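Asks: Pasting a predicted model and its sequence here:
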Amino acid sequence: MKLVIQIPCLNEEHSLPTALAHLPRVVPGFDKVEWLVINDGSTDATVEVARTSGVDHIVDFKTNRGLARAFRAGIERALIEGADVIVNTDADNQYNAADIPELVRPIIEGRADFVVGSRPIASIEHFSPIKKLLQHLGSWVVRFTSGADVADAPSGFRAFSREASMRLNVFDSYTYTLESIIQAGRSGARITSVPIRVNGETRPSRLVRSIPRYVLRSSLSIARSMLVYRPGLSFFLLGLLPFIAGTFLSVRWLAFYLDGSTRSHVPSLVFAAVALIAAFLCWLCAIIGELNGINRKLSEDVQFQLRCIRFGVGFSEQSDKHAS
């Protein structure tokens, strides 16, 4: 059993040594623990620091490609290196690395494929009240969307089994945290949360540069994931409002007509017709989306089998692990 701990980095020459100093080299249940750093186009000495600190593997992007792409590249490299379990953590050392054994325990015991470390949001001093509220709200939306019981969806401290890693797809270029949970949850992966500890703030977050921007980008990520992984529900909800409005105006027009009103109320009737047509089109998209969802699932199965071949794992072996 091999555990690979990956850290996406962007100009982390000052914080990376501290983060690496706290990473374990021995974790119960594993014969080998290796470290992987993904350099996302850093302009400082991040790569040199990683090498001198004893990092086993380095993925070096010459230009900045974004956190989500760095995360995906790290997962792929870890699979190539034969990782049975992959842990993702941050270079700013905000997550307590001593909790890694607890993070991977559900996977080792066969109770989960995907584990998210749940931070004590309410007690984190450097989180403002509005950020705490948004963290809880975002986690609730992701739980509703994915069907997975995840207490802290934006947490980047997480662990993946080999199979879950090979089934993982992230299309968002901004962040992987929300979409990966939604995709895994809708794909039937077993997702759970474990409580973790955090360290003090070492630097301002590079992902959350401003609350409005973060809310907008996260909302777009969730909306896009809903359209991809729950198209039926998404388009049904989109069509519900115009259907209610159109039905109300139609009934209102009919009531006036039967009452013998001298006014024609043509504008209301036209708006009702437009609203009902919009609702019909949304629900037609829901049907098409569900049909496309079948093709997406078939494509994901084919992609998974190809990854099994690429990374030297038999499909039947992975199926047996999933069934157990």
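Replies: Structure received.

Asks: Give me the below-cutoff pLDDT ranges for the stretch 51-200 of the chain.
Replies: For the stretch 51-200 of the chain, the stretches with pLDDT under 70 are 126.

Asks: Tell me where it has helices.
Replies: 67-80, 100-108, 129-146, 162-167, 177-186 (DSSP state H, counting those that start in this stretch).

Asks: in this structure, which spans are strands?
Replies: 2-9, 32-40, 57-61, 85-88, 114-118, 158-161, 191-195 (DSSP state E).

Asks: neighbouring strands for the second one, and are they parallel or not?
Replies: For strand 32-40, the paired strands and their directions (DSSP bridges) are strand 2-9 (parallel), strand 57-61 (parallel).

Asks: measure Arg111 to Ala184 for me?
Replies: Here the criterion is C-beta to C-beta, to the nearest Å. By it, Arg111 lies 15 Å from Ala184. (Glycine included, C-beta is placed from N, CA and C.)

Asks: Compare neighbour counts for the two and give me the winner.
Replies: A direct count of neighbours by other C-beta atoms under 10 Å for Arg111 and Ala184 places Ala184 higher, at 24 against 11.

Asks: isn't that one right up against Phe114?
Replies: Yes - between Ala184 and Phe114 a contact is recorded at 5.1 Å, counting by C-beta atoms under 8 Å.

Asks: Now for these two: what residues contact both?
Replies: Counting by C-beta atoms under 8 Å, 6 or more residues apart in numbering, the residues touching both Ala184 and Phe114 are 164, 191.

Asks: list the buried ones in stretch 107-125?
Replies: Neighbour-count burial for stretch 107-125, counted by 16 or more other C-beta atoms under 10 Å, picks out 107-108, 112-119, 121, 124.

Asks: same question, stretch 23-31
Replies: Neighbour counts using 16+ other C-beta under 10 Å place 23-24, 27, 30 of stretch 23-31 among the buried residues.

Asks: what does stretch 72-88 give?
Replies: Neighbour-count burial for stretch 72-88 [16+ other C-beta under 10 Å]: 72-79, 83-88.

Asks: And these, which is closest to Gly312?
Replies: Nearest to Gly312, judged by C-beta to C-beta, of these is Leu79 at 9.5 Å.

Asks: Look up how far Ile124 lies from the closest one.
Replies: 32 Å.

Asks: what's the offset of stretch 227-234 from the middle of its chain?
Replies: For stretch 227-234, the separation from the chain centroid amounts to 16 Å (computed by C-alpha atoms, centre = their mean, to the nearest Å).

Asks: Count the neighbours of the nearest residue to Leu249 once chain neighbours are set aside for me.
Replies: Nearest residue to Leu249, sequence neighbours excluded (C-beta to C-beta, 6 or more residues apart in numbering): Ala272, at 3.6 Å. By the criterion of other C-beta under 10 Å, Ala272 has 22 neighbours.

Asks: Please apply the same query to Gln303.
Replies: Residues lying near Gln303 (other C-beta under 10 Å) number 13.

Asks: cool, the one 4 residues further on as well?
Replies: The local packing count at Arg307 equals 19, with neighbours defined by other C-beta under 10 Å.

Asks: Kindly report the same for Phe144.
Replies: Residues lying near Phe144 (other C-beta under 10 Å) number 12.

Asks: Please report the distance of it from Arg105.
Replies: Using C-beta to C-beta, Phe144 is found at 27 Å from Arg105.

Asks: quick one on the thing from earlier: just name the most buried of the helices of the stretch 51-200 of the chain.
Replies: Of these, the one with the most neighbours on average (mean count of other C-beta atoms under 10 Å) is helix 177-186, at a mean of 25.

Asks: Report the angle between that one and helix 67-80.
Replies: 50 degrees (axes from the mean of the first three to the mean of the last three C-alpha atoms, to 10 degrees).

Asks: How much space separates the nearest residue to Arg186 once chain neighbours are set aside from Pro106?
Replies: Nearest residue to Arg186, sequence neighbours excluded (C-beta to C-beta, 6+ apart): Tyr229, at 4.1 Å. Going from Tyr229 to Pro106 by C-beta to C-beta gives 23 Å.

Asks: need the contact list for the nearest residue to Gly156 once chain neighbours are set aside.
Replies: Spatial nearest neighbour of Gly156, excluding adjacent residues (C-beta to C-beta, 6+ apart): Asp90 at 5.3 Å. Taking C-beta under 8 Å, 6+ apart as the criterion, Asp90 is in contact with 7-8, 19, 156-157.
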